[in-house]
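**Q** Show me the folded form of this:
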Amino acid sequence: ETGTPFARSFYEKHGFRSVGVDRCMVLELVGRAISLPEGVRVRTLMLDDIGSLIELMGEDEWLRFSRAFFSAYEDDPEKAIMVTSKEGTTLGVAVGENDRTYGELVTLTYMFVGREGDAMKVLDSMAYLASSRGHRWLGVRLPLEGTSQEELEGRGWEDAKLPSFWTRYRMRKEI
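**A** Residues are numbered from 1 along each chain as shown. Below is the predicted model:
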């Protein structure tokens with residue numbers, strides 16, 4: 001039921017139509033100046049942070065976070081980050097993982113922000129982390145709360161076209 005951007009025209013020629021898009025985007029980190037956003041600090045999430053995050057997130061959000069966090073904690077705990085203001089106020093958290101096919105790709109598996117206006121600070125902090133560790137791309141799946149496709153495109157993000165991480169078109173044919 002899903003097709004790649006490359007096969008979409010083939011499916012449409014054979015009577016399929018797109019009924020939805022699972023958009024993935026990547027930011028090329030190589031050859032780009034990546035720095036921490038102004039006024040933020042980034043650190044690895046620790047188990048000691050869990051209590052304060054439960055209070056900040058609420059129970060339902062905590063359950064979504066815990067799946068991503070404990071998966072990253074087992075495989076690569078340094079890709080689970082807390083972003084704070086210089087004064088120590090938590091702006092958000094992000095969790096990423098290395099793609100199993102492309103070791104140069106880090107995909108964002110979870111992001112939480114206290115205020116919608118802080119989403120790009122948290123995302124840019126994850127880009128900084130990935131870049132400083134030598135990764136080539138940072139990938140996200142849309143929708144991503146606090147951002148839009150247009151905002152990401154304006155910052156240099158592009159449709160993902162990697163074999164293991166790409167925008168998928170949900171195609172359906174009425175019979």
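**Q** nearest spatial neighbour of the residue positioned nearest the centre of the chain, skipping sequence neighbours?
**A** Against the mean C-alpha coordinate of the chain, by CA atoms, centre = their mean, the closest residue is Leu108 at 2.8 Å. Nearest residue to Leu108 in three dimensions, chain neighbours excluded: Val140, at 4.7 Å (CB to CB, 6 or more residues apart in numbering). For the C-beta atoms, the positions are set from N, CA and C on the backbone; glycine is no exception.
**Q** What is the one helix or strand the one you found maps to packed up against?
**A** For Val140, the host element (DSSP states H and E) is strand 137-141. Applying 3 or more CB pairs under 8 Å, 6 or more residues apart in numbering; DSSP states H and E, we find strand 137-141 packed against strand 24-28, strand 105-113, helix 119-132.
**Q** quick one, longest helix in this structure?
**A** helix 59-75 (DSSP state H).
**Q** In that one, which residues are buried?
**A** 62, 65-66, 68-69, 72-73 (16 or more other CB atoms under 10 Å).
**Q** which helices and strands does it pack with?
**A** Secondary-structure packing of helix 59-75 (3+ CB pairs under 8 Å, 6+ apart): helix 50-57, strand 80-85, strand 90-98, strand 105-113.
**Q** mind saving the C-alpha coords of it as PDB?
**A** The C-alpha trace of helix 59-75 is given here as PDB (Å, rounded to 0.1, in the frame of the first residue of the first chain):
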ATOM      1  CA  GLU A  59       1.600  10.500  32.200                       C
ATOM      2  CA  ASP A  60       0.400  10.000  28.600                       C
ATOM      3  CA  GLU A  61       3.300  11.800  27.100                       C
ATOM      4  CA  TRP A  62       5.700  10.100  29.500                       C
ATOM      5  CA  LEU A  63       4.700   6.700  28.100                       C
ATOM      6  CA  ARG A  64       5.500   7.800  24.500                       C
ATOM      7  CA  PHE A  65       8.800   9.200  25.700                       C
ATOM      8  CA  SER A  66       9.800   6.200  27.800                       C
ATOM      9  CA  ARG A  67       9.600   3.800  24.800                       C
ATOM     10  CA  ALA A  68      12.000   6.000  22.800                       C
ATOM     11  CA  PHE A  69      14.300   6.800  25.700                       C
ATOM     12  CA  PHE A  70      14.800   3.200  26.900                       C
ATOM     13  CA  SER A  71      15.400   2.000  23.400                       C
ATOM     14  CA  ALA A  72      18.100   4.700  23.000                       C
ATOM     15  CA  TYR A  73      19.400   4.200  26.500                       C
ATOM     16  CA  GLU A  74      20.200   0.600  25.700                       C
ATOM     17  CA  ASP A  75      21.800   1.200  22.200                       C
END
